[in-house]
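> coordinates only, no sequence provided:
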């Protein structure tokens, strides 16, 4: 990894701030190895990237800024070297042009993690580092985008004959993606227009960073009495922090592990209304205007580049291809679900009336009466089920399943004990709650990569559960391989003195899903970093088509409804007894219960996303014209979800997805889900415990999944990966049969 002189120091003060555990972990590392790359033509005359291993993910604010400066200087020097060398060469080779470019981008991406991760994980305890890291992300975005604006580099790359790249499918795809990246940045436009686009990009990045920062810093909590939380387990209420300025009350924050149980179980409708209102108004005063500005800037940029809209610009490189295809896809699903959706809403309205409330169904009623209906029809008790999912056991059991499925083995790296030289290059943990694992191939013992688990909520930590890449997968010019590193950032509730951290079944599914992303990232084995696993939240370039990104994880997530899987994942925190098969069968049968409502609510979100990015305000929806962004949200949500959003709120101002790369792309979750069911179908024939086809049948299928859908990452087009796994063209028939029919 690349680390710079200013970040080599580990100040004693910082050790004290982060605790003795950091010092202990540092001490057991093999002494950091300072190495210089000898990369032949790839670095000749340029001076090598300095690599200090491991990366330092706990930099101070000053060290973050010096890291960004060094990346900018080093990357600019590398690109200057490529241009100078190619200019004096009659027929430059692929290695001398695209190969050198990827080498530079790869090392810069690797070094960038040191500057960007603190904004997500450092939290309130390191506010200066968080602020510096947030600013660094915007600066790095500009730096990486700037590479793809350099007309001299574009001209140099064009001199490389396409014929050489075409001899190798991966090189051909790489060349196409890189050249398309230049074009999408306006490199072929005049100087004045390019300058205008660069200015727009800078503004867009600044708005997005500020939007995210505002949400991360939000600490909204409501003080409530135990009576106002009637319906929730006493153990839940007693674990909530006491309100210091309101004796007898406890604090309910807006993090999902706290907010969702309250919305599902609190019998007091006013309590639910207040929680929803607070949750959907986080940072609303600042973020509403930022979102409006972002949408305007994105539209202006797209039009300047020659596109009709930001949606058209964003969809061009994706599987869906065009806004029209997304609209057709969304409308088709909405229509197919319409009848079932109406019946589901009518059922919930009936339950509300039966409870003595004749008022119309409102948004704060949905989660509560959905739970009531599910418990009544399927005899399911969420609190009882949750007692069977202690986090530590679930993590171990999920990893065991992935181990067997993909032919892996894991080693948790501790703060002391024997570790290999390869593992000594892994970054130190940034918080005492974090766990880190080495991943190796079970047959060859080859190091595959590493991942971190940062599962618990902290003040100031990124509030949306996701996976972030730390090190991309790539080959250095000297032939050495850099193995991937990534991290899950979660917001789960920590254990208390009375009870361990217990997960709802939905949280178990989410963990299984996020670990699917982890193994997509860690199992990636590509030569060029631009093909490595990442997503638009990161400032560097790379990753699969975004509407394929969720396919593997969504397919794997469905395992959490299987009897053979749930019997392994469940273990009562007191008795150690797993869920019985009868209860698991009822949970599986309830998988699609009220799913039409869930999917139509999703379509409200994805349709709003497409609408604001398909043209400039004012907006139109149905017969409603002249709508501002808030009016559009209300109209779309009411139409597709079947009920209005909460009064005096604007949920999109709290919506991370609009600023972490899912703009004009949120539909991709549902798009991916459709293909995930196609991928999932072959697994349904086999059990984890073996079957008539033999104990190894599921493992063989898992290895095929690994080789076809995970390891290639972006080095093979998404549709081709699906065809390679399925042996045919992908289809939506499995999804329709499951979701629509059931």
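That came in fine, so what should we check first? Note that this is a predicted model, so its numbers are computed, not measured.

> how about residue 390, what does it touch?
Counting by CB atoms under 8 Å, 6 or more residues apart in numbering, residue 390 makes contact with 500, 501, 502, 503, 571, 573. Placement of C-beta: from N, CA and C, glycine included.

> who does it bridge with?
Residue 390 forms beta bridges with residue 502, as assigned by DSSP bridges.

> rewinding a little: pick the one among the contacts of residue 390 closest to residue 551.
If you rank these by distance to residue 551 using CB to CB, residue 503 comes first, at 24.2 Å.

> buried residues, the one helix or strand residue 564 maps to. List them.
Using DSSP states H and E, residue 564 sits in helix 563-569. If you call a residue buried by 16 or more other CB atoms under 10 Å, then helix 563-569 has these buried ones: 564, 565, 566, 567, 568, 569.

> mind putting those residues in CSV, pLDDT included?
Formatted as CSV, the buried residues of helix 563-569 follow (pLDDT from 0 to 100):
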residue, pLDDT
564, 90
565, 94
566, 95
567, 94
568, 95
569, 97
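
> before we move on, back to that, please name every helix or strand in contact with the helix holding residue 564.
Where contact means 3 or more CB pairs under 8 Å, 6 or more residues apart in numbering; DSSP states H and E, helix 563-569 is packed against helix 391-406, helix 581-589.

> of the ones you listed, which is nearest residue 186?
Closest approach to residue 186 among the helices and strands packed on helix 563-569 (CB to CB): helix 391-406, 41.5 Å.

> now do the closest one, average pLDDT.
Mean per-residue pLDDT for helix 391-406: 96.

> residues of it that come out buried?
For helix 391-406, burial by neighbour count (16+ other CB under 10 Å) applies to 391, 393, 394, 395, 397, 398, 399, 401, 402, 404, 405, 406.

> strands paired with the strand ranked longest in the chain, and their directions?
Counting residues, the longest strand in the chain under DSSP state E turns out to be strand 447-456. Strand pairing for strand 447-456, using DSSP bridges, gives strand 435-441 (antiparallel), strand 485-492 (parallel).

> and the first one, how far from the chain's centre?
On the basis of CA atoms, centre = their mean, to the nearest Å, the separation between the geometric centre of strand 435-441 and that of its chain is 20 Å.

> same question, stretch 233-242
30 Å.

> tell me which residues in it are buried?
Using 16+ other CB under 10 Å as the test for burial, stretch 233-242 gives 233, 236, 237, 239, 240.

> show me what stretch 662-675 is in contact with.
Applying CB under 8 Å, 6+ apart, the contact partners of stretch 662-675 are 294, 298, 310-311, 313-315, 318-320, 323, 326, 329-330, 333, 536, 546-551, 554, 599, 602-603, 605-606, 609-610, 613-614, 657, 722, 730, 732, 735.

> mind listing what residue 531 touches?
Shown in contact with residue 531 (CB under 8 Å, 6+ apart): 170, 173, 174, 473, 524, 542, 712, 713, 714, 715.

> report the rounded mean pLDDT for stretch 185-192.
On average, stretch 185-192 scores 94.

> now do the end-to-end distance for it.
This stretch, stretch 185-192, spans 13 Å end to end (CA to CA, to the nearest Å).

> for stretch 579-593, same thing?
20 Å.

> what does stretch 437-446 give?
For stretch 437-446, the first-to-last residue distance is 14 Å (CA to CA).

> buried stuff in it?
For stretch 437-446, burial by neighbour count (16+ other CB under 10 Å) applies to 437, 438, 439, 440.

> can you check stretch 208-226 too?
Using 16+ other CB under 10 Å as the test for burial, stretch 208-226 gives 208-218, 221-224.

> residue contacts, residue 590?
Applying CB under 8 Å, 6+ apart, the residues contacting residue 590 are 374, 377, 378, 380.

> ok, it to residue 578 distance?
18 Å (CB to CB, to the nearest Å).

> pLDDT at residue 126, what is it?
89.

> next, count neighbours for it.
Other residues near residue 126 come to 23 when the count uses other CB atoms under 10 Å.

> pretty sure it contacts residue 118?
Yes - between residue 126 and residue 118 there is a contact at 6.8 Å, judged by CB atoms under 8 Å.

> so what's residue 659 up against?
So residue 659 contacts 207, 208, 211, 212, 294 (CB under 8 Å, 6+ apart).

> rerun that using 7 Å as the cut-off
Contacts for residue 659 (CB atoms under 7 Å, 6 or more residues apart in numbering) come out as 208, 211, 212, 294.

> which residues are in contact with stretch 228-247?
Contacts of stretch 228-247 (CB under 7 Å, 6+ apart): 223, 226, 249-252, 261-262, 265-268, 271, 383, 496, 498-499.

> hmm, 10 Å instead?
Stretch 228-247 is touched from outside by 221-226, 248-253, 258, 261-262, 264-268, 270-272, 274-275, 368, 371, 382-384, 386-387, 493-499, 502, with contacts defined as CB atoms under 10 Å, 6 or more residues apart in numbering.

> please compute how far that stretch lies from its chain's middle.
On CA atoms, centre = their mean, the centre of stretch 228-247 falls 32 Å from that of its chain.

> show the average pLDDT along that stretch.
On average, stretch 228-247 scores 94.

> repeat that for stretch 309-317.
Averaged across stretch 309-317, the pLDDT comes to 97.

> buried ones in it?
The neighbour-count check on stretch 309-317 (16+ other CB under 10 Å) flags 309, 310, 311, 312, 313, 314, 315 as buried.

> in a markdown table: these, plus secondary structure.
Shown next, in a markdown table, are those (DSSP: H, G, I helix; E, B strand; the rest coil):
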| residue | secondary structure |
| --- | --- |
| 309 | coil |
| 310 | helix |
| 311 | helix |
| 312 | helix |
| 313 | helix |
| 314 | helix |
| 315 | helix |
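
> quick one: end-to-end length of stretch 606-624, please.
End-to-end distance (CA to CA), stretch 606-624: 19 Å.

> element containing the closest residue in space to residue 94 that isn't next to it in sequence, please.
Leaving out its chain neighbours, the residue that sits closest to residue 94 by CB to CB, 6 or more residues apart in numbering is residue 164, at 5.0 Å. For residue 164, the element it lies in under DSSP H and E is helix 162-166.

> in this structure residue 431 contacts residue 123, no?
Yes - contact criterion CB atoms under 10 Å: residue 431 and residue 123 qualify, at 7.9 Å.

> what sits in contact with each of the two?
Counting by CB under 10 Å, 6+ apart, the residues touching both residue 431 and residue 123 are 458, 461.

> I'd like to check which residues are in contact with the most centrally placed residue in the chain.
Taking CA atoms, centre = their mean as the criterion, residue 466 is the residue nearest the geometric centre of the chain, at 3.8 Å. Counting by CB under 10 Å, 6+ apart, residue 466 makes contact with 120, 487, 488, 489, 490, 514, 517, 535, 537, 656, 660.

> tell me which residues touch the residue in the chain sticking out farthest from the centre, please.
The C-alpha centroid of the chain is most remote from residue 90, which lies 44.0 Å away (CA atoms, centre = their mean). Contact analysis of residue 90 by CB under 10 Å, 6+ apart lists residue 159.
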